[in-house]
Every structure is written in structure tokens, then in C-alpha cells.
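1. curious how this folds, go ahead:
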Amino acid sequence: MTEQITNQPFLYLAPIRGITDCLFRNLFQHHFGGVDQAVAPFINPQPHSNFDPRQLRDLQPEENKALPVVPQFLHTEPDGLLSLAHRLHDLGYEHINWNLGCPAPMVTRKRRGSGLLPYPDAIIAMLDHILPRLPMQLSIKTRLGLNHPDELAALLPRLNDYPLKEIIIHTRLGKQLYKGTTDPESFGHCLELSRHPLVYNGDITDAETFHRLQRQFPTVQRWMIGRGILADPFLAGVIKGEEFSGQQRATMFINFHRDLYAGYKESLAGPSHLLGRMKQIWFYLASSFPGQPKLWKIIKKAGTEEQYLAIVDKALHPSISTIKNLESPLFP
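-> Alright, predicted model coming up:
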């Protein structure tokens, strides 16, 4: 599979822990398409001697044929990372991503994810140790900083002499989590500071926003979208120029939900895990149903599979003609 269609942007599906697992990625690509590659949610750091092979279950190549995937690590301990990298290389992976962007306080307190950005010497020491021994390409996913955009701005020139594949920048600070506005202007400054290809990430929620950013940063060829795609699974296709009728959207979405629900029902341990996973997905998806503002709250209260399915069926499944008339960006 080629990485990029001529004159088309290259779109990554962002890693969203607890949602964008192998089943979700495969079914999303099968039903909606539009994305070119996914970065997997990070693998938890483990000591070399205690490595749990189940950590790699989501990354088995035979299970990831629908959508190419890049494994991601959160390690700050080089030997554990190198052990993981060699295991992944044995599976056929040629590209791995280092997460320097996770904003979760339980991560940043350990100086991992964006919590490492205030300590550039530690980042450089890690790269000095692992890059000569790494059997594949390395990219970095980061934020503008943990507390201030000067943190990444100071780091980027120091990264220029390292053989990185690319740097993915979420245009928020770690301390913002996912709140507040993004900062495209600081991303523009990063373009001036870095000799590496940069990937833009952050609040691409509709095609209009994407094309505005594309005009603002005409040299950027690769983009990452996460929550925007979860809220509107047609977004990547629309960015690529596809058009969907209301009936097509309704049918595609119903089929996706059917297969996703069935897949999790088979793979997860019991109704509580199944409902928990589906509710996580609807937390994002419900935002695309402004005609039904209480939908997420109702789904959140569902206590049984029967209650959940009745709510979703009432919202989506009575008939295609009913769905076409929903006041939703998904089914215009």
C-alpha cells in the first residue's frame, strides 16, 4: 500500500487510549476509510525481565492489515525501550513513535509524556542512547510544552541533527489537557525551528478547519486527527474529497456500529466491559447529534445491553428515511 495519494494530504488516525484499538481501527477503515495510517495507543513501560507479551496483542501484523499502524512507546528508560523495539522489529515494524505528548497527570508526574518536555537534557540523553541501537525509524509525538511553548521551541533545534522520521505536534500545552484553544501560531514558529517534517495535530473537527490550516501551512503534508474523526467518522473521507448522501452516511454508520458492537461483545469480558467501551465511543460521537442533545446522557445511564441497544436503535435504526431527517452533521 502506498503511503500517500498524489496531491492528497496524508492523514493519521491519532491514538486515543481505550478506543482506537485494533478492532476499532480495522472496522473504521473498512466502513469509512480516508485515513492512511494510525498511531497505536502507547505501550505501558515494563522492565525488560517482566515484559508481558500480551502488550503486543493489539499490534500483531496479521490483525492490522486493514490499516497500517505505528506502535508507540512511553518509556523513559532506554533499555526497556530497546527491548520492546527489537520485539516489534521482529514482528516486521520499521517505524516506532515516542510519546512526549500525553498530558494525563498520572503520566506527567512520572516525567513521561509531556511531563518530560521541561527536561530537554533527559530527552537528548535518551536519544543518544537509543538511536544508534534502534533497528527502525523513530518519530516523536509531542505537545508545544508542558507549561509553556518555549519548552518545545528550545528543544526543536537540538533535535535537528538526529535522524528522526518526523515530529507530530499537538498544538496545546500539556497542562491544558484537551481544554482551551489550540495555538497554530506556535506551530508556525516550530516550522521555522525544525529541519524535520512536522505533522499538525489538534482540533481538526471539520473540513473547513482542515483546509484553513492547510492554507496557513502549505508546506505541511501530513496531519493527525483524533477526536474530530471520532465525532464525525466521515471527516477523513470528506477532507479527501469524497461526498456522501444522507442515506449513504446512515447505512455506513449503522453497519459500523453493528460490527463494532458485535466485535466487542465477542472480545470483551462481559456486559459491563462492553457497555463501558461503547459509552467511551459515544462520548465523542454524540457531539455530532445536536438534534438530540440528551443522547449522550441517556446512553451514559444505560445499565444493560438491552437498554443500550434500545436507545441506539431509537436514535439510528427505525428506518433509513428517519435517520436521514436527524438534525446531525453525520446525516445531512
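
2. contact partners for His273?
-> His273 makes contacts with Tyr264, as judged by CB atoms under 8 Å, 6 or more residues apart in numbering. To be clear about C-beta, it is placed using only N, CA and C from the backbone, and glycine gets the same treatment.

3. a strand runs through it, doesn't it?
-> No. Under DSSP: H, G, I helix; E, B strand; the rest coil, His273 sits outside any strand and is assigned helix.

4. please report how far it lies from Gln280.
-> Distance, His273 to Gln280, using CB to CB, to the nearest Å: 11 Å.

5. over to Pro68?
-> 24 Å.

6. same question for Leu177.
-> For Leu177 relative to Gln280 (CB to CB), the value is 17 Å.

7. who has more neighbours, those two?
-> Of the pair Leu177 and Gln280, Gln280 is the one with more neighbours under other CB atoms under 10 Å, namely 15 against 12.

8. and the host helix or strand of the more buried one, average pLDDT?
-> Per DSSP states H and E, Gln280 falls inside helix 271-285. Mean per-residue pLDDT for helix 271-285: 95.

9. so which elements touch the next helix or strand after it?
-> Sequence order places helix 295-301 as the next helix or strand after helix 271-285, per DSSP H and E. Under the contact definition 3 or more CB pairs under 8 Å, 6 or more residues apart in numbering; DSSP states H and E, helix 295-301 sits against helix 271-285, helix 305-316.

10. please save the CA atoms from stretch 245-254 in CSV.
-> What follows is stretch 245-254, C-alpha atoms only, in CSV (Å, rounded to 0.1, in the frame of the first residue of the first chain):
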residue,chain,number,x,y,z
SER,A,245,-25.5,11.3,0.7
GLY,A,246,-27.6,11.2,3.8
GLN,A,247,-28.7,7.6,3.1
GLN,A,248,-25.1,6.5,2.5
ARG,A,249,-24.0,8.0,5.8
ALA,A,250,-26.8,6.4,7.7
THR,A,251,-26.2,3.0,6.2
MET,A,252,-22.4,3.2,6.7
PHE,A,253,-22.8,4.3,10.3
ILE,A,254,-25.4,1.6,11.2
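
11. pull out the buried residues from that stretch.
-> For stretch 245-254, the neighbour count (16 or more other CB atoms under 10 Å) marks Gly246, Arg249, Ala250, Met252, Phe253, Ile254 as buried.

12. can you add pLDDT and secondary structure and give those residues back as JSON lines?
-> Output for those, formatted as JSON lines (pLDDT from 0 to 100; DSSP: H, G, I helix; E, B strand; the rest coil):
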{"residue": "Gly246", "pLDDT": "87", "secondary structure": "helix"}
{"residue": "Arg249", "pLDDT": "91", "secondary structure": "helix"}
{"residue": "Ala250", "pLDDT": "89", "secondary structure": "helix"}
{"residue": "Met252", "pLDDT": "94", "secondary structure": "helix"}
{"residue": "Phe253", "pLDDT": "92", "secondary structure": "helix"}
{"residue": "Ile254", "pLDDT": "93", "secondary structure": "helix"}
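
13. just the closest of those to Leu146, please.
-> Phe253 (37.5 Å; CB to CB).

14. next one: phi and psi at Ala236?
-> When read as degrees, to the nearest 10, the backbone of Ala236 gives phi -60, psi -40.

15. going along the chain, name the helices of the stretch 101-250 of the chain.
-> 105-108, 120-130, 150-159, 184-193, 207-216, 227-231, 235-239, 246-267 (DSSP state H, counting those that start in this stretch).

16. now distance to Tyr308 too, for these, in CSV please.
-> Converted to CSV, these look like this (distance: least, CB to CB, whole Å):
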stretch, distance to Tyr308
helix 105-108, 29
helix 120-130, 44
helix 150-159, 42
helix 184-193, 39
helix 207-216, 31
helix 227-231, 18
helix 235-239, 25
helix 246-267, 9
